[in-house]
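In: Whatever this is, show me its structure:
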Amino acid sequence: MMFPLGFWDISFLLAVTAIILLITSELLSPYYGKTNTLLNKKRLKNTALATSSLFLITVVIRIAAIIIGT
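Out: Here you go, the predicted structure:
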């Protein structure tokens, strides 16, 4: 049985998720005024950075695959 998502799809999904999480974490920052949300801002920012790191790892893997020639 073949996995329905390819490497490109997972990379794209990580990129979109990272962008959404980073924008959300920045909009909830205290510099934009009072927001009455119950989200843990530190955890949201750490999750956004972890997702961004995973996306960058997929980019490095893709670049390495292009250089190696597979």
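In: pretty sure Arg62 contacts Phe7?
Out: Yes: the criterion here is CB atoms under 8 Å, and Arg62 meets it with Phe7 at 7.4 Å. For glycine as for every other residue, the C-beta is placed from the backbone atoms N, C-alpha and C.
In: tell me the centre residue of this protein?
Out: Ala18 (2.4 Å; CA atoms, centre = their mean).
In: contacting residues around it?
Out: Neighbouring residues of Ala18 by CB atoms under 8 Å, 6 or more residues apart in numbering: Ala48, Thr51, Ser52, Leu54, Phe55.
In: Phe12 and Ala65, how far apart?
Out: Relative to Ala65, Phe12 is positioned 16 Å away (CB to CB, to the nearest Å).
In: Between these two, which has more neighbouring residues?
Out: Counted by other CB atoms under 10 Å, Phe12 and Ala65 do not tie: Phe12 has more neighbours, with 14 against 11.
In: Which strand or helix spans that one?
Out: With secondary structure defined by DSSP states H and E, Phe12 is part of helix 7-27.
In: Mind checking what helix or strand follows that helix in sequence?
Out: helix 41-68.
In: quick one: buried residues of that next one?
Out: Leu44, Lys45, Thr47, Ala48, Thr51, Ser52, Leu54, Phe55, Thr58 (16 or more other CB atoms under 10 Å).
In: do the same with stretch 20-29
Out: Residues of stretch 20-29 classed as buried by neighbour count (16+ other CB under 10 Å): Leu21, Leu22, Thr24, Ser25.
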